[in-house]
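K.L.:
need coordinates for the below:
(2 chains)
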Amino acid sequence: MNKRERIMAVLRHEEPDIIPITIYTMLMPFRGYEERQLRNAGLCLVEHGFVSVYGIKTPNVKMQTTEDIASLSSSDHYACIPKQKHVVHRTYSTPVGHVSEKYQWGHALYEWPLEWAIKDLPDYQTAEYIIDDTEFFPSYEEFSSAEKIMGEDGIVTAMAPKSPLQSMLYELMGYNRFAIDYHTHRQEFDDLYGLFSKKQLEMYKVIADSPAEVVLTDENVNGIVTSPKLFENYCIPFYKNVADILHRKDKIFMVHCDGKLKSLRDLIATSEIDVVEAFTPPPVGDLSIEEARMAWKEKIIWANFPATVALEAGRDRIERETIDILRSAAPGDRFALGITEDIGDIKSSRYEDVIKTITNTVIEHGTYPIAGS
Amino acid sequence: MISPTEIDDNMGDILEALRACIIDMDIAGARNACQEVIANGISPYEAINHAMVPGMRIVGEKFERGEYFLLDLIAAGAAMEEGLKILEPHLAKDEGSRIGGVVIGTVQGDLHSIGKDIVSMLLRVTGFDVVDLGVDASTERFVEAVRVHKPTILGMSALITPTMPEMGKVISALEKAELKRQLKVIVGGAPVTKEYAEMIRADAYAPDAVAGANRCRQWVTQSDPE
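P.N.:
Residues are numbered from 1 along each chain as shown, chains lettered A, B, ... in the order given. Okay, here's the model as predicted:
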């Protein structure tokens, strides 16, 4: 099997030749011989973050952006990941009012919220106007081009934003406002949520019509933050609606679940998610691969190699940990292993060595079916 | 819902109602109950120590039992802080004395704040003076804050793996500046493990926000359960 076939076999509940070992392209910034060697050794690429299959317009909302660049070193110009510490201010003006937000670039792989659009109750009305004004349209060229570039080396997923609840929590209001409004202004909270859900489902219809076979929702599910009650009342019904849309067009629905999931284990089992992506076992997560496989018999687990181990351990322990992960997933059906988070200083030789160790170990010990421990 | 216990006197009823508001995350209720405290001539110090702090303790216990989650801690903390806004102007100078000082922050390169904010809030509302350095705090800022504020405890948080070594750098810098012996260092954050905390010579590791706050209280009181 080539690398794309290997991943797709798992995602289609078929038998792979070897357990896929994958990495997000953005986490593999080094280029050239070493990178090619890793791909040739069997490391599969996953392009997910920078390819969209839809465009957005808001005909009646005006957005103004300003940026403050705090620092810029000469090497920043050449880094694959933006390192400039700059702050982006955005103001959205609508006929019913305006809201503003502030983001920082340069620390994480994505922009990072410093101030959220919803700061007070009157901001709900403006936020609702913006959401209601949003139109989604197909934009498939970029995806097709990315697939052509990827070839047989991996897969390109259609990226979808966080679900309405997670968007409200992380992007629209922040956790303080979210926690307080959920308890004290439930009507406003639920009205906004309802509108947001309706709009996002329009977006998923555009995604479902795209050439992408696999859709990844950038959810960051974490049971410590999202309680079972919230997950059950908001996320589960939304996932069902999304799955209905995607499954009608034979798409595979993956959700990025990289947090602690023990408290959500049984709810995830009942959900319509096809793939629990970035599932992170202990010591970072709180649910073992065995427990997860037992609980989610119909789902594919695309595990994330726990970054803490990569940072702390030497080559021997990383090898042992990789073998343990493979054995805990034995015989290996419905299972892939990925590197889905930073595993150290991306420019260091150690970073490359960790990836190489994990890859080589999976190729050596991950032939399907794997013998159990 | 927590039902107010049957207490005969008016003071007991008000304090019980206040405690229940904290536990039930009832922000407006906590504000009203604190106004009742003042209107009925009850000592604000009594209200804090016999209603609000025990209420937050129960919230913490519910978190540890998996009944409450991070957002519940935030809402309960917001209820407590809303009540404190009413009570604080009425506190006499010697009342509500603080039990210790904490410098806390998320290390350089990391912008995550939720865990650190909750620990900070839990410490503040239960009697600590907290100097919160915010996120992306450099080693130099931590060392300078320890030098200036002379805290009993330094808390550091890292939520992404590449920033974890920053915690070790701060501890080394404190040792070099001969400031480490005067305080306890506690570290936490999703990717941080007990083994990692030991490796960087931290005094304690907090698996979650409530455990972190409990450990800090234990250090200064030596009476709370770990």
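K.L.:
name the residues of chain B found near chain A, please.
P.N.:
Selection of chain B residues close to chain A by Cβ under 8 Å from any Cβ of the partner chain yields B:25-28, B:66, B:68-72, B:74-75, B:78, B:109-111, B:114, B:117, B:136, B:160-162, B:164-165, B:190-193, B:195-196, B:199, B:208. All C-beta spots, glycine's among them, are computed from the backbone N, C-alpha and C.
K.L.:
which of those residues are buried? Put it as a ChimeraX command.
P.N.:
The buried residues among the residues of chain B next to chain A can be selected in ChimeraX (16 or more other Cβ atoms under 10 Å in any protein chain shown) with this line:
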select /B:25,26,27,68,69,70,71,72,74,75,78,109,110,111,114,117,136,160,161,162,164,165,190,191,192,193,196,208
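K.L.:
domains of the chain?
P.N.:
As the question left the chain open, I've gone with chain A. Under the assignment automatic domain parsing, the domains of chain A span A:3-57+A:134-365, A:59-118.
K.L.:
meant chain B, my bad for not saying
P.N.:
If you go by automatic domain parsing, chain B breaks into B:10-90, B:100-221.
K.L.:
can you check which of those gets nearest to A:A9?
P.N.:
domain B:100-221 (30.1 Å; Cβ to Cβ).
K.L.:
still on that earlier bit, save the domains of chain B as a markdown table, and put in mean pLDDT and distance to A:V10 too.
P.N.:
Listed next are those as a markdown table, based on pLDDT from 0 to 100; distance: least, Cβ to Cβ, whole Å:
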| stretch | mean pLDDT | distance to A:V10 |
| --- | --- | --- |
| domain B:10-90 | 91 | 32 |
| domain B:100-221 | 91 | 26 |
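K.L.:
make JSON lines from these and add distance to A:L216 to it.
P.N.:
Compiled in JSON lines, the domains of chain B are given as follows (distance: least, Cβ to Cβ, whole Å):
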{"stretch": "domain B:10-90", "distance to A:L216": "25"}
{"stretch": "domain B:100-221", "distance to A:L216": "20"}
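K.L.:
check which residues of stretch A:115-122 are buried.
P.N.:
Buried-residue list, stretch A:115-122, by 16+ other Cβ under 10 Å: A:W116, A:A117, A:I118.
K.L.:
pairing partners for the strand ranked longest in chain B, with directions?
P.N.:
Looking across chain B with DSSP state E, the single longest strand is strand B:100-106. Strand pairing for strand B:100-106, determined by DSSP bridges: strand B:128-132 (parallel), strand B:153-157 (parallel).
K.L.:
ranking the ones you listed by burial, who's on top?
P.N.:
The highest mean neighbour count among those, using mean count of other Cβ atoms under 10 Å in any protein chain shown, belongs to strand B:153-157: a mean of 29.
K.L.:
can you list the residues of the stretch 251-373 of chain A near chain B?
P.N.:
So far as Cβ under 8 Å from any Cβ goes, the stretch 251-373 of chain A lies against chain B at A:259-260, A:263, A:283-284, A:306-308, A:310-312, A:341-346.
K.L.:
if we can go back for a sec, now the element after the longest strand of chain B, going C-ward?
P.N.:
Downstream of strand B:100-106, the next assigned helix or strand under DSSP states H and E is helix B:114-125.
K.L.:
export the lengthiest helix in chain B as PDB, just CAs?
P.N.:
In chain B, with assignment by DSSP state H, the single longest helix is helix B:70-87. Taking Å, rounded to 0.1, in the frame of the first residue of the first chain, the C-alpha atoms of helix B:70-87 are listed here in PDB:
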ATOM      1  CA  LEU B  70     -13.400  24.100  34.900                       C
ATOM      2  CA  LEU B  71     -16.200  26.300  33.700                       C
ATOM      3  CA  ASP B  72     -18.100  25.700  37.000                       C
ATOM      4  CA  LEU B  73     -15.000  26.700  39.000                       C
ATOM      5  CA  ILE B  74     -14.900  29.900  37.000                       C
ATOM      6  CA  ALA B  75     -18.600  30.700  37.600                       C
ATOM      7  CA  ALA B  76     -18.300  29.900  41.300                       C
ATOM      8  CA  GLY B  77     -15.300  32.100  41.500                       C
ATOM      9  CA  ALA B  78     -17.100  34.900  39.700                       C
ATOM     10  CA  ALA B  79     -19.900  34.600  42.300                       C
ATOM     11  CA  MET B  80     -17.400  34.800  45.100                       C
ATOM     12  CA  GLU B  81     -15.600  37.800  43.500                       C
ATOM     13  CA  GLU B  82     -19.000  39.600  43.000                       C
ATOM     14  CA  GLY B  83     -19.700  39.100  46.700                       C
ATOM     15  CA  LEU B  84     -16.300  40.300  47.700                       C
ATOM     16  CA  LYS B  85     -16.800  43.600  45.800                       C
ATOM     17  CA  ILE B  86     -19.700  44.300  48.200                       C
ATOM     18  CA  LEU B  87     -17.900  43.200  51.300                       C
END
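K.L.:
run through the neighbouring helices and strands of it.
P.N.:
helix A:174-184, helix B:10-23, helix B:27-39, helix B:44-47, helix B:53-64, helix B:114-125, helix B:209-221 (3 or more Cβ pairs under 8 Å, 6 or more residues apart in numbering or on different chains; DSSP states H and E).
K.L.:
quick one: closest of those to B:A177.
P.N.:
helix B:209-221 (21.1 Å).
K.L.:
which residues are contacting the closest one?
P.N.:
With contacts defined as Cβ atoms under 8 Å, 6 or more residues apart in numbering or on different chains, helix B:209-221 is touched by B:60, B:63-64, B:70, B:73, B:99-100, B:102, B:115, B:118-119, B:122-123, B:126, B:128, B:152-153, B:155, B:184, B:186, B:188, B:204, B:206, B:224-226.
K.L.:
and what of stretch A:54-70?
P.N.:
A:84-95, A:129-130, A:133-139, A:203, A:206-207, A:210.
K.L.:
quick one: low-confidence parts of the stretch 251-373 of chain A?
P.N.:
A:373 (pLDDT under 70).
K.L.:
in it, which spans are helices?
P.N.:
For the stretch 251-373 of chain A, applying DSSP state H, counting those that start in this stretch gives helices covering A:265-270, A:289-295, A:307-312, A:315-328, A:349-365.
K.L.:
pretty sure A:D123 sits against A:I130.
P.N.:
No - the criterion here is Cβ atoms under 8 Å, and A:D123 misses it with A:I130 at 10.3 Å.
K.L.:
mind listing the shared neighbours of these two?
P.N.:
A:V99.
K.L.:
need phi/psi at A:W296.
P.N.:
phi -120, psi 70 (degrees, to the nearest 10).
K.L.:
what's the separation between the residue nearest to it when sequence neighbours are not counted and A:T66?
P.N.:
Using Cβ to Cβ, 6 or more residues apart in numbering or on different chains and skipping residues adjacent in sequence, the residue nearest A:W296 is A:A269, 5.4 Å away. A:A269 is 46 Å from A:T66, where distance means Cβ to Cβ, to the nearest Å.
K.L.:
which one of these two is surrounded by more residues?
P.N.:
Higher neighbour count among A:A269 and A:T66: A:A269, with 16 against 9, using other Cβ atoms under 10 Å in any protein chain shown.
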